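Participant: Turn this into a model:
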Amino acid sequence: MKILCLGDSLTYGFGVPRRDTWVALTAERAKMELINRGINGDTTGGMLARFHDEMMAHSPNKALLMGGSNDIFISGTAESAKANISALAHQAVAIGVAPLIGTPLPLDIESIRDDWASLSDAAHAQEVGDEYAKWLRQFAGVFNIPIIDFRSAFEAVSDIKQRRALYIDGLHPTSEGHRIMADVLCRRLLKTTPE
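Facilitator: As a prediction, this is how the structure comes out:
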């Protein structure tokens, strides 16, 4: 089983060692080949632009698609992210690659770096991100696409200090945050994959 993980810095693993990313941890624990094709700062439009080349270069069985945080953080809306994720999922199916959809993480508004926070209204981005995550779950349900709900796993950490400790900078997960993400993905893969 080969899974190509297409996304932004949440997939790439900004700020943590390569061995600590959720992609690497899942590959090791699930004994599957996972290819990390996250790019820091990428948008779903960027993901869509490179989708065909990535699929042709790696020939995966599945593609885990997770993006939209940068679209929302920069533009303040989720409209382009919705359209692009929809296109990515349908293009995957069209070439015989089974899509999986990951939900981006919630923001820890109080911890976002000042320079990054100056680019966006973080509170508004959080609201739009909440709505986008609901839409992703609905979209995945309508088209029978497995959803990898990373966001809910972080939201389930009720203690604010514990949740804050899962972020480097209010946006990107720590190594412990990546471990939680790997837990979510491993549970889903081992539930749906016969190997």
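
Participant: which ones are touching the nearest residue to Phe14 once chain neighbours are set aside?
Facilitator: Of all residues not flanking Phe14 in the chain, His172 sits nearest, at 4.6 Å (Cβ to Cβ, 6 or more residues apart in numbering). For the C-beta atoms, the positions are set from N, CA and C on the backbone; glycine is no exception. Applying Cβ atoms under 8 Å, 6 or more residues apart in numbering to His172 gives the contacts 9-10, 14-16.

Participant: Which of these fall in helices?
Facilitator: Applying DSSP state H to the contacts of His172, the entries found in helices are 9-10.

Participant: how about the contacts of His172 in CSV, adding distance to Leu64 and neighbour count?
Facilitator: As requested, these are exported to CSV (distance: Cβ to Cβ, whole Å; neighbours: other Cβ atoms under 10 Å):
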residue, distance to Leu64, neighbour count
Ser9, 15, 18
Leu10, 11, 27
Phe14, 17, 17
Gly15, 20, 17
Val16, 18, 19
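
Participant: For the most centrally placed residue in the chain, which residues count as its bridge partners?
Facilitator: Closest residue to the average C-alpha location of the chain: Met66 at 3.4 Å, with Cα atoms, centre = their mean. According to DSSP bridges, the partner residues bridging Met66 are Gly7.

Participant: how close does the nearest residue to Ala87 once chain neighbours are set aside sit to Phe150?
Facilitator: Excluding its sequence neighbours, the residue lying closest to Ala87 (Cβ to Cβ, 6+ apart) is Leu48, at 5.8 Å. As judged by Cβ to Cβ, to the nearest Å, Leu48 and Phe150 stand 21 Å apart.

Participant: Between these two, point out the one with more neighbours.
Facilitator: Shown here are Leu48 and Phe150; by other Cβ atoms under 10 Å, Phe150 has more neighbours (26 against 20).

Participant: Look at Ser120 and report its pLDDT.
Facilitator: The score at Ser120 is 85. That number is its pLDDT.

Participant: what residues are up against it?
Facilitator: So Ser120 contacts 73-74, 76 (Cβ under 8 Å, 6+ apart).
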